[in-house]
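[1] Please work out how this folds:
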Amino acid sequence: EPLSVAFHPSGFHLVIGFPDKLRFFNILMDDLRPVRDFPLRNVREVRFSNGGNLFAAAQNSLIHVFETFTCKPRPDMMLKCHSS
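    The predicted model follows:
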């Protein structure tokens, strides 16, 4: 069961957060083709950037940022939330 979903601004890509992983798909005419799985559990929020070149996934107190077309993580852009 999906926890979060985000469509790329072009409409050709999709990111879905599941309880056990984050999945990146290409959208075809009548199918979804898996491109990459990420070992991120319980991602409750995913979003593409306005231009679509990046996407972010929120997992607990971390926000992971990835390049859309290479699916490479951007550790220089990882954000950690603080607790009060």
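
[2] For residue 36, grab the count of nearby residues.
    13 (other CB atoms under 10 Å). Glycine gets a C-beta too; all of them are placed from N, C-alpha and C.

[3] Give me the average confidence score over the strand or helix carrying it.
    Residue 36 belongs to strand 32-38 when elements are defined using DSSP states H and E. For strand 32-38, mean pLDDT rounds to 97.

[4] got the buried residues for the following helix or strand past that strand?
    Counting by DSSP H and E, the next helix or strand C-terminal to strand 32-38 is strand 43-48. Buried residues in strand 43-48, counted by 16 or more other CB atoms under 10 Å: 43, 46, 48.

[5] tell me the contacts of the first one?
    Applying CB atoms under 8 Å, 6 or more residues apart in numbering to residue 43 gives the contacts 3, 4, 17, 18, 22, 57, 58, 59.

[6] change it to 10 Å
    Residues in contact with residue 43 (CB atoms under 10 Å, 6 or more residues apart in numbering) are 2-4, 15-19, 21-23, 56-60, 62, 64.

[7] who touches residue 74 in this structure?
    Residue 74 is in contact with 54, 56, 64, 65, 66, 67, counting by CB under 10 Å, 6+ apart.

[8] Quick one, which of those are buried?
    Buried among the contacts of residue 74 (16+ other CB under 10 Å): 54, 56, 64, 65, 66.

[9] Would you confirm that the fourth one contacts residue 77?
    In this case it means residue 65. Yes - between residue 65 and residue 77 there is a contact under CB atoms under 10 Å: 3.9 Å.

[10] Need the residues touching each of those two.
    Common neighbours of residue 65 and residue 77 (CB under 10 Å, 6+ apart) are 54, 56.
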